[in-house]
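J.: Next come a sequence and a model predicted from it.
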Amino acid sequence: MPRPSAWVAVLRAGLSHSLSQEGCRTGITVNEKRGRARVNISEALGGGRRRQVPLPIEWSPENVDAIREAALVIYRTLAQGQPVAAAVAALTTTANDDTRPAGAIDWPALGEAFKQRKLSSGQTKATTWANVYARRQRAILAAADRAASPVQLLEAVTAPWADQPGCRGRQLLVQQTAALLRFGVDSGRLPTDWAPPLDLSPYVGRKRGAAPITTPMAVPDIVALVEAMPDPRWRLALQLVAAYGLRPEELQHLELRGGRLWCAYQKVTSKGRTEPRPLRLLPCDDWAAAWQLETTYRADRMPPLRAGYGAECLGLYVRRRALWGELRRRYEAQGEKLVLYSFRHAYAHRAHTLCALLPTKYVAAAMGHSLETHLAAYSRWIGDDEVDAAFERAAAGITTTAVVDVGAVRLSAQDT
């Protein structure tokens, strides 16, 4: 059986959500019949027999809201104990009734359509929606009923964050509000005057103080922290993160293929989906090679990690170690910030400073992200001393190449 079109999935999901809000789990569905919409009524709601009510509405994406509203009118009439004929009559009356407030917006339906679009397009995984979007979407939709414009909505959702300008939570809330409004306008579910402002910075705000920059972790500190892990399972997890520059979530997606460690995790972003990749130690990391992770790794030796919460689980365990607290205080005293991702940052930093012959695009591939993402995230740690060293290496390379080229010319002359 072919899968329904994306707009049909959105329609049915929105109808199901609206019905559940009124206490109806099953019993009302919609489908197409000869180019028109049709409402299907179950035996329980149809007086002991299944019924079909044809609607005078074309089965098309432009009529998603109209089809859903018609199905809700029929359900409400049946829920009052009236027969199907009365439901059809109520539908006709509603179609001719102009008492609905002009410009009224069905925000729950819009939110459900936005969710389905994000999931069906592949831009967002279900776990990402549950962990990143769902809670903020509830806050946005709750504030929407009190707003009469996009500016009022943005002001309403940021009001609880008034004392935290520029923080990450407030930024995500503003971005997701704007994304919902843009989707509504682009899909025709909202009037054009609901388009969000082009400049969102006034709603995000600016932090009052300069935030410390998260920094790569030094190798001696990495080794010391690993050795301080009392539980061998968590020690192995930390070794893997440090040696291969892994995202903590990737610990749950490791497998051995032909005696080599692979990461099967696929991160979904607006730029696409990352591919599974073999893991590679940096040529400069003799200390990591000594751990022999490819020969000792086994999934049953890993610590318990909840799916989708790898960073939280590992972070909680590491924060309970006294040495981690000492290291954080020392880094903060230097104006830097130590976080769980400092192990991944350190992998990238070593690749560029100690393994200068590794092209940046290959380092990005080894870490499982695009070159653009890599440059945006890791170029901040390139200091003047490292730039000078890179130029000196380049100059030395040019000199060596020139000598080789001259020698080749001389050899060629002698041969002739």
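T.: Noted; the coordinates are in hand.
J.: where are the low-confidence patches of the chain?
T.: Judged against pLDDT under 70, the low-scoring parts of the chain cover residues 1-3, 87-88, 90-103, 208-213, 268-272, 373, 375-390, 393-394, 396-416.
J.: domain ranges for it?
T.: Annotated domains of the chain cover 6-95, 107-204, 214-382 [automatic domain parsing].
J.: In TSV: those domains, plus distance to Ala395 and mean neighbour count.
T.: The C-beta positions use only the backbone N, C-alpha and C, and glycine is treated the same way. Shown next, in TSV, are the domains of the chain (distance: least, CB to CB, whole Å; neighbours: other CB atoms under 10 Å):
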stretch	distance to Ala395	mean neighbour count
domain 6-95	56	16
domain 107-204	42	16
domain 214-382	13	16
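J.: Between the ones you listed, which one is closest to Phe391.
T.: For these, proximity to Phe391 was assessed by CB to CB; domain 214-382 is nearest, at 11.1 Å.
J.: one step back: ok, which of the domains of the chain comes nearest Glu392?
T.: Nearest of the domains of the chain (CB to CB): domain 214-382, 10.3 Å.
J.: How far off centre is the closest one?
T.: With CA atoms, centre = their mean, to the nearest Å as the basis, domain 214-382 stands 19 Å off its chain's centre.
J.: if we can go back for a sec, got CSV for the domains of the chain, with distance to Glu392 too?
T.: CSV is the format used below for these (distance: least, CB to CB, whole Å):
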stretch, distance to Glu392
domain 6-95, 56
domain 107-204, 39
domain 214-382, 10
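J.: Does Leu55 fall in a helix, a strand, or a coil region?
T.: For Leu55, the assignment made with DSSP: H, G, I helix; E, B strand; the rest coil gives strand.
J.: which non-adjacent residue is nearest it?
T.: Spatial nearest neighbour of Leu55, excluding adjacent residues (CB to CB, 6 or more residues apart in numbering): Ala37 at 4.3 Å.
J.: Mind listing the strands the one helix or strand the one you found maps to pairs with, and their directions?
T.: Assigning secondary structure by DSSP states H and E places Ala37 in strand 36-41. Strand pairing for strand 36-41, determined by DSSP bridges: strand 28-33 (antiparallel), strand 51-58 (antiparallel).
J.: Touching the first one from outside, list them.
T.: Right, strand 28-33. Defining contact as CB atoms under 8 Å, 6 or more residues apart in numbering, one finds that strand 28-33 is touched by 11-12, 15, 19, 37-42, 45, 52, 54, 59, 67-68, 71, 74-75.
J.: how close does the closest residue to Tyr75 other than its chain neighbours sit to Ala307?
T.: Excluding the flanking residues, the one nearest Tyr75 by CB to CB, 6+ apart is Ile28, at 5.0 Å. Applying CB to CB, to the nearest Å, the value for Ile28 to Ala307 is 34 Å.
J.: Same check on Tyr265?
T.: For Tyr265, the distance to Ala307 - CB to CB - is 11 Å.
J.: tell me, what's touching these two both at once?
T.: Residues touching both Tyr265 and Ala307 (CB under 8 Å, 6+ apart) are Gln252.
J.: Strands of this protein, residue ranges please.
T.: Per DSSP state E, the chain carries strands over the ranges 28-33, 36-41, 51-58, 213-214, 254-257, 260-263, 268-269, 272-273, 277-278, 336-337.
J.: what's the closest of those strands to Ala126?
T.: Checking the strands of the chain against Ala126 by CB to CB gives strand 268-269 as the closest, at 10.3 Å.
J.: Could you verify my assumption that Gly46 touches Val84?
T.: Yes. With contact defined as CB atoms under 8 Å, Gly46 reaches Val84; the gap is 6.0 Å.
J.: intersection of neighbour lists for these two?
T.: Counting by CB under 8 Å, 6+ apart, the contacts common to Gly46 and Val84 are Leu78.
J.: Can you convert the strands of the chain into CSV and add a column each for distance to Gln152?
T.: Compiled in CSV, the strands of the chain are given as follows (distance: least, CB to CB, whole Å):
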stretch, distance to Gln152
strand 28-33, 34
strand 36-41, 34
strand 51-58, 32
strand 213-214, 35
strand 254-257, 48
strand 260-263, 45
strand 268-269, 31
strand 272-273, 36
strand 277-278, 46
strand 336-337, 36
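J.: Relative to Ala237, which of those strands is closest?
T.: Of all the strands of the chain, strand 254-257 comes closest under CB to CB, at 10.0 Å.
J.: which residue ends up closest to the midpoint of this structure in space?
T.: Centroid-nearest residue in the chain: Thr128, 5.1 Å away (criterion: CA atoms, centre = their mean).
J.: Can you tell me how far that one is from Lys115?
T.: For Thr128, the distance to Lys115 - CB to CB - is 11 Å.
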